[in-house]
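S.K.: Fold the following for me, if possible:
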Amino acid sequence: THNNQESQSAAGDELANQLIEQKKKEELEQQRVKNQADLKLEVMNMHTRDLLNMVMEAQKERVLTYREFDRGLETVLSTQNISHYPAICARATASFSVLSNT
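M.R.: Numbers count the residues shown, from 1 in each chain. The predicted model follows:
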């Protein structure tokens, strides 16, 4: 019947979407592992002074990310507009994710 065909088609579309998402996740994970290996190799070949400079720069970026999050949180609290909170958290999470891989 027509409804059964539509139901099967929707289920097939959902399965295809799930497979595509799983493939994307796997590719991202493979890239993350490769990036970590590349970074580890780079760090192992760095002079101590360069390594310390890299760590200090990453720490500066972390501080800036915390400050940005704090400003956003202060705005949410002062305006009592909680609708902006998820976006503030998402930006901070994305920034920290990038920084974790550097």
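S.K.: helix or strand for C89, which one?
M.R.: Using DSSP states H and E, the element containing C89 is helix 85-100.
S.K.: and that helix, what does it pack onto?
M.R.: helix 48-79 (3 or more Cβ pairs under 8 Å, 6 or more residues apart in numbering; DSSP states H and E). For glycine as for every other residue, the C-beta is placed from the backbone atoms N, C-alpha and C.
S.K.: Pull the distance from the helix it packs on to the chain's centre.
M.R.: What separates the centre of helix 48-79 from the centre of its chain is 16 Å, taken as Cα atoms, centre = their mean, to the nearest Å.
S.K.: Helix, strand or coil: sort out M46 for me.
M.R.: coil (DSSP: H, G, I helix; E, B strand; the rest coil).
S.K.: Per-residue pLDDT of the residue lying closest to it once chain neighbours are set aside, please?
M.R.: Distance criterion Cβ to Cβ, 6 or more residues apart in numbering; nearest residue to M46, sequence neighbours excluded, is M54 at 7.2 Å. Looking at M54, its pLDDT is 88.
S.K.: was I right about M54 contacting H47?
M.R.: No: contact status for M54 versus H47: not in contact, 10.5 Å apart, counting by Cβ atoms under 8 Å.
S.K.: Count the neighbours of L51 for me.
M.R.: Using other Cβ atoms under 10 Å, L51 has 14 neighbouring residues.
S.K.: With adjacent residues omitted, what lies nearest to it?
M.R.: Here the nearest residue to L51 in space, its sequence neighbours aside, is V43; by Cβ to Cβ, 6+ apart that works out to 6.3 Å.
S.K.: Quick check: which element contains A37?
M.R.: Taking DSSP H and E as the criterion, the element that holds A37 is helix 2-44.
S.K.: now that helix and helix 85-100, what's the angle there?
M.R.: 40 degrees (axes from the mean of the first three to the mean of the last three Cα atoms, to 10 degrees).
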